[in-house]
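Visitor: generate a structure from the sequence data that follows.
(one chain, ligands or ions: 1)
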Amino acid sequence: MARLESRRPRRFRYSAAAVSETSPEAARRSSPTRVYLHPASTGHQVPRGFPECPERIESAEAGLRRLGWQLVERPDDSPDTQQRALVEAVHTPEYLARFEHAVARGARFLDGSDNPISAGTSAAAWGAVTTALEAARATLAGETRHAFSLTRPPGHHCERDRAMGFCFLNQVAVVAEHLLRTTDAERIAIVDFDVHHGNGTQHLFEERADVFYLSLHQWPFYPGTGAREERGVGAGEGCTLNLPLPAGTGDEGFLEAFEDAALPALRDYGPDLLLVSAGFDAWRGDPLGGMNLSAQAYCRLGTLLAELADERCGDRLVSVLEGGYDLAALADLVDAYLAGAAGVRYSRVSQ
Ligand SMILES: [Zn+2]
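Guide: Below you'll find the model as predicted:
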């Protein structure tokens, strides 16, 4: 890859007025992790048996609440003009209009049967975007050290102009675009550990050097992109890194790829801020994925990402939920990841 000079972490100015009244350090110590929810997430209805279902959020929320995580529910408000402009920077106005129109006329699908829609789909997708933006805002304002946006539908498969793979709006891409526009961050890294390659996110940024996209995923597998040779295009050459892994890969193979290839590349790039597309479908019990990760692997991933964020990115880590379809396990897997990131010794489950 094109070697980019590493730089020292810098302090960030956030343009929004809302900053906690206590010092950011004191606030972060008292609130190291927040999990953000949006009430519209469960309003995106899908056909019976469809894996990307409202129960994902319901079960994860109940489990995380029981485990003692601080949950913050976003108000059910509409996106403002600035948020709409950000989404229009990521998706074409024609696509956004087509999405709204399909929901309004009661269509059952958008761009294929992988993407069922209902009356609540648009609100859920926009809610996922505004919640991810709020998670980033709170983290940069020093209100929390780590933030996790626990919303649906996911976002990393949808392209600039079409829905795909259960995804309608690419929230992690919107957050990256927002941070580049409103902070003095010049380089953002997006780490995607969902079992599926995030084709949408890669395509949105592959011609740019200000966003580094890194994906570990099962290969060959849906959606068919994410070959090792896909390394970015033009000015973005070297700013995409794909680490395809065979079906059946377990903790050892996955973490070895992460520590030996992903972390050195991320350190070489030297991001100012780190965003995570956190999918939990490489979990060994996932009904869609074919990989073999344990909860301990997610704990270790959390630890490694938080260490990198501490070292390079002002100790700020913003993660958004992508996949993860084992309803009985999702809360425990998110818990393992957050515990690892928070530096909590993870011994809650032996799985
Ligand atoms: Zn996935």
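
Visitor: would you map the helices across the chain?
Guide: Under the criterion DSSP state H, helices of the chain are mapped to 24-30, 54-66, 81-90, 93-104, 121-140, 171-182, 199-205, 251-257, 263-269, 295-312, 330-342.

Visitor: would you format the ones you listed as CSV with mean neighbour count included?
Guide: Any C-beta I mention is one placed from the backbone N, CA and C, and that applies to glycine too. Shown next, in CSV, are the helices of the chain (neighbours: other C-beta atoms under 10 Å):
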stretch, mean neighbour count
helix 24-30, 15
helix 54-66, 17
helix 81-90, 16
helix 93-104, 16
helix 121-140, 25
helix 171-182, 25
helix 199-205, 25
helix 251-257, 17
helix 263-269, 17
helix 295-312, 22
helix 330-342, 25
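
Visitor: which stretch in the ones you listed has the least confidence?
Guide: Ranked by mean pLDDT, the helices of the chain end with helix 24-30 in last place, scoring a mean of 53.

Visitor: show me the longest strand that occurs in this structure.
Guide: Counting by DSSP state E, the longest strand found in the chain is strand 211-218.

Visitor: what's that one packed up against?
Guide: Under the contact criterion of 3 or more C-beta pairs under 8 Å, 6 or more residues apart in numbering; DSSP states H and E, strand 211-218 touches strand 188-192, helix 199-205, strand 240-245, helix 263-269.

Visitor: nearest to N115, of these?
Guide: When these are compared by C-beta to C-beta, helix 199-205 sits nearest N115, at 12.2 Å.

Visitor: and that closest one, what does it pack onto?
Guide: helix 171-182, strand 188-192, strand 211-218, strand 240-245.

Visitor: returning to that earlier point: adding distance to the ion, write the helices and strands packed on strand 211-218 out as CSV.
Guide: As requested, these are exported to CSV (distance: least, C-beta to the ion, whole Å):
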stretch, distance to the ion
strand 188-192, 9
helix 199-205, 11
strand 240-245, 14
helix 263-269, 21
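
Visitor: just send these back as CSV, with distance to A132 too.
Guide: CSV is the format used below for these (distance: least, C-beta to C-beta, whole Å):
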stretch, distance to A132
strand 188-192, 12
helix 199-205, 13
strand 240-245, 21
helix 263-269, 20
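
Visitor: for the ion, what's the nearest residue on this structure?
Guide: Of all residues in the chain, the one sitting closest to the ion is G323 (2.8 Å; C-beta to the ion).

Visitor: number of nearby residues for that residue?
Guide: Here the number of neighbours of G323 (other C-beta atoms under 10 Å) works out to 29.

Visitor: check A119 too.
Guide: A119: 12 surrounding residues under other C-beta under 10 Å.

Visitor: how about G250, nearest residue that isn't a chain neighbour?
Guide: Counting by C-beta to C-beta, 6 or more residues apart in numbering, N292 is the residue found nearest to G250 once chain neighbours are left out, at 4.1 Å.
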